[in-house]
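**Student:** okay, sequence plus prediction incoming.
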Number of protein chains: 2
Amino acid sequence: MDTGILEVEDEQELELSDRIVNALATENTDALVALLDPLPLSEALRELLALEPEDRDRVLSLVPPELAAELIEEAPHAVATDLVERLDHARAAEIIDELDSDVQADLIGELDDEDAEDILGRLDAEDAADVRRLVEYEDDTAGGLMVAEAFSFAETATVGAVLRRLASDEEDFERYRGQHPYIVDAVGRPIGVVSLRALLTAKRSDKLTEIMVEPLTVSVLTPLEVLQDLFDEHPFLGLPVVEKDGQLVGVVSRAAIDAATLERAESQSLKQHGLVEDEVRSMPTWLRSRRRLAWLAANIVLNIIAASVISAYEETLAAVIAIAVFLPMVSDMSGCSGNQAVGVTMRELSLGLVRPADAVRVWLKEVSVGAINGLALGCLVGIVAWVWKGNPWLGVVIGFALAINTIIAVSIGGVVPLALKRLGQDPAAASGPLLTTITDMAGFFLVLSLATLMMPLLAG
Amino acid sequence: MDTGILEVEDEQELELSDRIVNALATENTDALVALLDPLPLSEALRELLALEPEDRDRVLSLVPPELAAELIEEAPHAVATDLVERLDHARAAEIIDELDSDVQADLIGELDDEDAEDILGRLDAEDAADVRRLVEYEDDTAGGLMVAEAFSFAETATVGAVLRRLASDEEDFERYRGQHPYIVDAVGRPIGVVSLRALLTAKRSDKLTEIMVEPLTVSVLTPLEVLQDLFDEHPFLGLPVVEKDGQLVGVVSRAAIDAATLERAESQSLKQHGLVEDEVRSMPTWLRSRRRLAWLAANIVLNIIAASVISAYEETLAAVIAIAVFLPMVSDMSGCSGNQAVGVTMRELSLGLVRPADAVRVWLKEVSVGAINGLALGCLVGIVAWVWKGNPWLGVVIGFALAINTIIAVSIGGVVPLALKRLGQDPAAASGPLLTTITDMAGFFLVLSLATLMMPLLAG
């Protein structure tokens, strides 16, 4: 028992994670695969990430490259990069070889140039060339989202040629899933596409050019939003992508667009809290701390600016100390109201229902919601302040300040993301802190300046 | 010119929205379609929603039902329901007839029973029966996400039968996009599926049972998370869905799963701000106010609880008024730190990387991040307080309180969503307010109780 491995007869009663550790300790690859392979991918990935970093490396080195590739593809982007970086290059190349070219390019693009070149050198020369080409394109464009492999045929090909290719080449067919046969001319420009229906109902001897229709193509530079619109409007599963010279260079699939859209939505949600990239708890603590601190440090500066408003009114506060009780409440409530408006604008931006040019319309729409909610919240909190501290004038100051500040927060909140977008900033990361600072400052100022004006009534 | 319509020679210079209003004013359906149809769907929808409600109704009544259906399908759920509710039932039925059965069921399920029945009565009897069946299933299960139409064939059918169906029935083929032929036995249970490759390379006279493989099926009750895992692991574009008795009742597509996943991610992001359902600015102001107020009112109660901590220390505050300047800063900074941890847990929950049972592991991981960031932020803000107010002990109080409160906020923040989930609550809506209240209370208490202890040094 000094092997550190629990006895085999206990195996059935052990937690899955302990059984994985046991299989690792004995380098029992079969047992490891038998434990991980039947799990849904998300669960297998959870088990992998719950291990110590060194154990993760060993799992990825022991299991078949197909399974390792599936796990890496399932992982969030930053985690996948981290997992690959830690492997030796020969193994990394084996695993990367199993992935689609768009995923290969995403991973390779994140590695150090030296590592990337060494790993690429171990891939099939054609695959490596594809990846080198793909990493040059921007994320969230057709070029960055496409796979390099297109199911293409020459002008002279027949239906029989398509069927022969399908029958002979199982592995390639998997790569082309969702693609229809594209017909390219002598210089590689797509001139036609054959529908599945046409293919199924044609004769083997028919030339593809007889049954093809004109293809809808997109440029490598086409942005994600436009691709979303195209896939919304057409039932296609893939769209051929062309370079400036009109050459077919890849195919972007509906599934890739859906995945990129989801990723964008989730990363926006994280950015609101200053989480700049995918963070999962399997990352090293110092890295997670540092990433979060950058945004928090910027927040300190904004907080100091807001606090300086309070500092300017210390005399008023000293005279009516009860006000200090309500300062955080007014700023917090207005912040929440304003962030609701930010949330709606962010959502409308992602749906394409609003543009920066609509700022005035949005502002007018939000002023009315802000006025109703400001009135409601102001009355409620005003009454609370009055009853709690026994001074009706305190209720008036707090209630009035909250009402006005809610209108400010809601109307500005709706517009802040549009303004940031127009200025070329990322609305997801900056809207929240910016709005909070404005509403904190305005809230503190309203409460304290009103209180200063009404001092004789309050201090009575 | 008293028609209220601008002159035609200006037409080219008018904004698109004005040209739409003009086309409406003259009931010029052709002009309306010519304006809306070439736009990407998201832009056409934006133009539609920018109109007054009555004008939206008229657009949807005038344009061909196919275009109206596309616009309604593009709209967020709550907006789509609102648009349909306002139409007369004959028109609503015409438009709904153009949609896939899963979208039909989503819409009909949101209507009043009476309206729903009347509209269903105007649909084809078979379609109506499908919709009645589909509305019974829960959202985010295979039953709620599937279409009722399956591309199915009897055991006796040949490859030729599939080709004939494809050749004869263009409209139906569109509905089946992404589906492979399913073979069902005499009582309607799926017993096989034919791959595209097998279909393309088989002879017309081959029986489907000779080339079929065993199908992977899911139950109508299968939840979205499991469906995500299945589509991650398999290249299928659709999965046949069976009832308890094993009968084939529909097909759930990869696209439907992707759309539902995106919708869930976006609604979680909105819920964080207390926006319970899709809100867009085309909704009536009072409805938007009311929806937002419900969550804000609950927030008032939490704020009062936190403020009562300050109220208990009014004497300390009166003695060292500078503390009031830093109270909102400490609570806000800790809240931000804590919400980062909430964000990471929410993300890991949606990726399936963490379960409620992992709470202790998460807490331990977050304590270390909290400790590092607490130390860093505490030092920074402590020095700011010292320099600003010229009292080193004030710096000690504020810095120490912030450091401790950051550790509390970060470690609790990581666990709060897991605890809420275990209690059957929705972590997206409740985590933020709950965490903020805890960190406000703890922050106020730490600053004020430390200040009380160190009063002789502070007031000096």
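**Tutor:** Structure received.
**Student:** mind exporting stretch A:57-66 as CSV, just the C-alpha atoms?
**Tutor:** Once non-C-alpha atoms are left out, stretch A:57-66 reads as follows in CSV (Å, rounded to 0.1, in the frame of the first residue of the first chain):
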residue,chain,number,x,y,z
ASP,A,57,-0.5,17.2,-19.1
ARG,A,58,-0.2,13.5,-18.4
VAL,A,59,-3.8,12.8,-19.3
LEU,A,60,-3.5,14.6,-22.6
SER,A,61,-0.2,12.8,-23.3
LEU,A,62,-1.7,9.3,-22.5
VAL,A,63,-5.1,9.3,-24.1
PRO,A,64,-5.5,8.9,-27.9
PRO,A,65,-5.0,12.1,-29.8
GLU,A,66,-8.7,12.2,-31.0
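**Student:** and the contacts of that stretch?
**Tutor:** Stretch A:57-66 is contacted by residues A:20, A:24, A:27, A:29, A:32-33, A:36, A:48, A:51, A:68, A:71-72, A:83, A:86-88, A:91, A:94-95, A:97-98 when judged by Cβ atoms under 8 Å, 6 or more residues apart in numbering or on different chains. (Glycine included, C-beta is placed from N, CA and C.)
**Student:** quick check: mean pLDDT of that stretch?
**Tutor:** The predicted model assigns stretch A:57-66 a mean pLDDT of 94.
**Student:** what is the burial count for A:Ala357?
**Tutor:** Using other Cβ atoms under 10 Å in any protein chain shown, A:Ala357 is surrounded by 9 other residues.
**Student:** quick one, what contacts A:Gly399?
**Tutor:** By Cβ under 8 Å, 6+ apart, the contact list for A:Gly399 reads A:Gly378, A:Cys379, A:Val381, A:Gly382, A:Ile383, A:Ala385.
**Student:** is it possible to export those residues to CSV including distance to A:Phe444 and pLDDT?
**Tutor:** Formatted as CSV, those follow (distance: Cβ to Cβ, whole Å; pLDDT from 0 to 100):
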residue, distance to A:Phe444, pLDDT
A:Gly378, 16, 96
A:Cys379, 21, 96
A:Val381, 15, 95
A:Gly382, 17, 96
A:Ile383, 22, 96
A:Ala385, 16, 94
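**Student:** out of the residues you listed, which is most surrounded?
**Tutor:** For the contacts of A:Gly399, the largest number of neighbours (other Cβ under 10 Å) sits with A:Ala385, at 28 neighbours.
**Student:** in what helix or strand does it lie?
**Tutor:** Using DSSP states H and E, the secondary-structure element containing A:Ala385 is helix A:359-389.
**Student:** now for that helix, which elements pack on it?
**Tutor:** Applying 3 or more Cβ pairs under 8 Å, 6 or more residues apart in numbering or on different chains; DSSP states H and E, one finds that helix A:359-389 makes contact with helix A:323-351, helix A:392-422, helix B:285-312.
**Student:** buried sites along the second one?
**Tutor:** The one in question is helix A:392-422. Across helix A:392-422, burial judged by 16 or more other Cβ atoms under 10 Å in any protein chain shown covers A:393-421.
**Student:** a markdown table for the helices and strands packed on helix A:359-389, including distance to B:Gln247?
**Tutor:** Formatted as a markdown table, the helices and strands packed on helix A:359-389 follow (distance: least, Cβ to Cβ, whole Å):
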| stretch | distance to B:Gln247 |
| --- | --- |
| helix A:323-351 | 38 |
| helix A:392-422 | 49 |
| helix B:285-312 | 41 |
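**Student:** can you tell me which of those is nearest to B:Ala157?
**Tutor:** helix A:323-351 (43.1 Å; Cβ to Cβ).
**Student:** which residues of chain A score low on pLDDT?
**Tutor:** A:1-13, A:169-178, A:276-278, A:460 (pLDDT under 70).
**Student:** rewinding a little: for the contacts of A:Gly399, which one is nearest chain B?
**Tutor:** The closest of the contacts of A:Gly399 to chain B turns out to be A:Val381 (Cβ to the nearest Cβ; 6.3 Å).
**Student:** tell me where the stretch 101-250 of chain A has helices.
**Tutor:** A:101-110, A:113-122, A:125-134, A:142-145, A:159-168, A:170-175, A:196-201, A:208-211, A:224-233 (DSSP state H, counting those that start in this stretch).
**Student:** for the residue in the stretch 301-450 of chain A that chain B sits nearest to, give me its contacts.
**Tutor:** Residue nearest to chain B within the stretch 301-450 of chain A (Cβ to the nearest Cβ): A:Gly352, separated by 3.4 Å. Counting by Cβ under 8 Å, 6+ apart, A:Gly352 touches A:Glu225, A:Asp229, B:Pro40, B:Ser42, B:Glu43, B:Leu45, B:Arg46.
**Student:** from B:Leu51, how far out is the second one?
**Tutor:** Separation of A:Asp229 from B:Leu51 (Cβ to Cβ, to the nearest Å) stands at 20 Å.
**Student:** and the fourth one, by the same measure?
**Tutor:** The gap separating B:Ser42 from B:Leu51 is 16 Å, by Cβ to Cβ.
**Student:** what's the answer for the first one, then?
**Tutor:** Counting by Cβ to Cβ, the gap from A:Glu225 to B:Leu51 is 23 Å.
**Student:** and if you look at the fifth one?
**Tutor:** When Cβ to Cβ is applied, the distance between B:Glu43 and B:Leu51 equals 14 Å.
**Student:** do you know how far the spatially closest residue to A:Ala430 that is not a sequence neighbour is from A:Leu434?
**Tutor:** Nearest residue to A:Ala430, sequence neighbours excluded (Cβ to Cβ, 6 or more residues apart in numbering or on different chains): A:Leu420, at 5.4 Å. A:Leu420 sits 7 Å away from A:Leu434 when distances are taken as Cβ to Cβ.
**Student:** care to break chain A down by domain?
**Tutor:** A:8-136, A:152-271, A:285-458 (automatic domain parsing).
**Student:** so how far is the first one from its chain's centroid?
**Tutor:** This means domain A:8-136. Its chain's average C-alpha position is 22 Å from that of domain A:8-136, according to Cα atoms, centre = their mean, to the nearest Å.
**Student:** equivalent analysis for the longest one, please.
**Tutor:** Using Cα atoms, centre = their mean, the mean C-alpha position of domain A:285-458 is found 28 Å from that of the whole chain.
**Student:** first-to-last residue distance for it?
**Tutor:** Using Cα to Cα, to the nearest Å, one end of domain A:285-458 lies 50 Å from the other.
**Student:** which residues touch the helix or strand harbouring A:Leu457?
**Tutor:** Using DSSP H and E, A:Leu457 falls within helix A:455-458. With contact meaning Cβ under 8 Å, 6+ apart, helix A:455-458 is reached by A:Thr316, A:Ala319, A:Val320, A:Ile323, A:Asn391, A:Trp393, A:Leu394, A:Val397, A:Ala451.
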